[in-house]
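A.B. asks: 3D model of this:
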Amino acid sequence: MKLGLQLGYWGAQPPANVPELIAAAEAEGFDAVFAAESWGSDAFTPLAWWGSSTERVRLGTSVVQISARTPTSTAMHALTLDHLSGGRAILGLGVSGPQVVEGWYGQPFTKPLARTREYVSIIRKVLSREEPVTSDGPHFPLPYTGPGSTGLGKPLKPITHPLRADIPIWLGAEGPKNVALTAEIADGWLAIYYSPRLAPMYNEWLDEGFARPGARRSREDFEVAATCQVIVTDDRAAAIAGLKPITALYVGGMGAPELNFHAQVYTRMGYGEQVEEIGRLFRAGRKDEAAAVVPDEMVTETMIIGNVDEVRADVKRWADAGVTMLLVSCRDADHVRELSAAVLG
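C.D. replies: Residues are numbered from 1 along each chain as shown. Model prediction:
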């Protein structure tokens with residue numbers, strides 16, 4: 001099992017202790033460091049700035065939002081970071097959700113699977129640098145010839161020669177069709193709310209993608225990086241109670257009532273009744289009551305919590321289920337060292 005340090009995205013201000021976290025992660029054998037974006041800080045700049053002090057860990061985006069940049073722009077960012085890091089970049093992509101895509105980026109959210117396929121295809125053309133990049137669209141036509149076009153668009157290929165034509169592309173995916181697409185066209189899956197209990201279901205989705213003509217990878221060389229809070233504690237009950245408000249937030253407050261991908265994930269796990277009640281209470285502003293509805297199992301399904309022996313047993317269970325990397329958040333360098341000793345030691 002590998003460990004990835006998830007820095008996430010910034011809150012109101014940049015986090016103060018990231019350099020010490022990254023230094024500890026590299027020293028303690030973490031495989032990668034990831035940065036995210038929502039509608040504040042971006043994902044690439046922190047990796048370039050803080051990653052410049054590293055020598056070994058891979059630097060990944062988890063995730064870059066597809067609607068934030070054209071595919072050629074994202075390819076430029078990725079090849080630049082890959083050069084600066086000496087070939088350590090991982091490009092993690094995701095479609096986000098309609099509230100962000102349409103409300104923040106001013107782009108349509110429809111046809112996310114088709115947009116993702118086209119987006120990844122263009123990035124791979126840029127990175128291969130075999131010929132000027134063209135695309136028939138319809139989502140990202142190159143050259144652009146639509147309304148307002150001058151007709152002067154010219155197919156181009158990157159001036160800078162990519163260090164690697166095969167920069168790993170990992171996709172953030174939650175639903176069955178998106179996970180199958182990920183197995184077909186990507187090098188890894190960034191899984192959120194992964195549950196080892198449901199591994200047979202995930203494997204069915206992944207196998208569908210691996211079996212498609214032209215699939216890029218097989219299970220043997222495909223990475224599954226699962227976001228997983230790992231808490232080493234002798235007071236398991238208290239830790240679970242402390243995480244219930246966060247679970248309630250994502251189930252009840254992240255996304256529109258009509259379309260909340262996180263809620264759909266937990267519904268597939270079998271918590272449909274609780275999901276409905278959590279959403280109702282959360283939208284009514286009764287957040288404490290919403291958290292109280294969350295059963296312990298809803299927390300422990302997707303997180304590893306317990307003493308060192310319990311954590312190690314659970315890590316093995318996740319590895320046996322097909323997870324190759326745990327993406328963990330850490331509060332300080334001591335926390336990094338604690339998780340390294342428990343998971344990697």
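A.B. asks: domains in this structure, by residue range?
C.D. replies: As recorded under automatic domain parsing, the domains making up the chain are 2-229+308-344, 234-306.
A.B. asks: quickly, which of those domains bottoms out on average pLDDT?
C.D. replies: Least confident of the domains of the chain, judged by mean pLDDT, is domain 234-306 with a mean of 89.
A.B. asks: quick one, helices of the stretch 51-200 of the chain?
C.D. replies: Shown for the stretch 51-200 of the chain, the helices assigned by DSSP state H, counting those that start in this stretch span residues 71-84, 98-103, 112-128, 176-185, 199-210.
A.B. asks: so which of those gets nearest Glu28?
C.D. replies: helix 71-84 (22.9 Å; C-beta to C-beta). Quick note: C-beta positions are derived from backbone N, CA and C, even for glycine.
A.B. asks: now do the closest one: distance to the chain's middle.
C.D. replies: 18 Å (C-alpha atoms, centre = their mean, to the nearest Å).
A.B. asks: and the helices of the stretch 51-200 of the chain: which comes nearest Glu276?
C.D. replies: Comparing the helices of the stretch 51-200 of the chain by C-beta to C-beta, helix 98-103 comes nearest, at 19.7 Å.
A.B. asks: in that closest one, what counts as buried?
C.D. replies: Buried residues in helix 98-103, counted by 16 or more other C-beta atoms under 10 Å: Pro98, Val100, Val101.
A.B. asks: pretty sure the first one contacts Lys111?
C.D. replies: No. Proximity of Pro98 to Lys111 does not meet the contact threshold set by C-beta atoms under 8 Å, at 11.9 Å.
A.B. asks: and of the helices of the stretch 51-200 of the chain, who's closest to Ala35?
C.D. replies: Closest approach to Ala35 among the helices of the stretch 51-200 of the chain (C-beta to C-beta): helix 71-84, 10.6 Å.
A.B. asks: got the angle between that closest one and helix 112-128?
C.D. replies: Relative orientation of helix 71-84 and helix 112-128, computed by axes from the mean of the first three to the mean of the last three C-alpha atoms, to 10 degrees: 50 degrees.
A.B. asks: who are the packing partners of helix 71-84?
C.D. replies: helix 44-51, strand 89-94, helix 112-128 (3 or more C-beta pairs under 8 Å, 6 or more residues apart in numbering; DSSP states H and E).
A.B. asks: what do you get if the cut-off is 6 Å, keeping everything else the same?
C.D. replies: strand 89-94, helix 112-128 (3 or more C-beta pairs under 6 Å, 6 or more residues apart in numbering; DSSP states H and E).
A.B. asks: I'd like the ones you listed laid out as a markdown table, including mean neighbour count.
C.D. replies: Shown next, in a markdown table, are the helices and strands packed on helix 71-84 (neighbours: other C-beta atoms under 10 Å):
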| stretch | mean neighbour count |
| --- | --- |
| strand 89-94 | 26 |
| helix 112-128 | 19 |
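A.B. asks: export those as JSON lines, with columns for distance to Asp31.
C.D. replies: Shown next, in JSON lines, are those (distance: least, C-beta to C-beta, whole Å):
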{"stretch": "strand 89-94", "distance to Asp31": "10"}
{"stretch": "helix 112-128", "distance to Asp31": "22"}
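A.B. asks: which of those sits closest to Gly8?
C.D. replies: strand 89-94 (12.5 Å).
A.B. asks: name the helices or strands packed onto the closest one?
C.D. replies: Taking 3+ C-beta pairs under 6 Å, 6+ apart as contact, the helices and strands that strand 89-94 lies on are strand 58-61, helix 71-84, strand 169-172.
A.B. asks: now these as CSV including mean neighbour count?
C.D. replies: Putting those into CSV (neighbours: other C-beta under 10 Å) gives the following:
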stretch, mean neighbour count
strand 58-61, 26
helix 71-84, 20
strand 169-172, 25
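A.B. asks: identify whichever of those lies nearest to Gly94.
C.D. replies: Of all the helices and strands packed on strand 89-94, it is strand 169-172 that lies closest to Gly94, at 3.4 Å by C-beta to C-beta.
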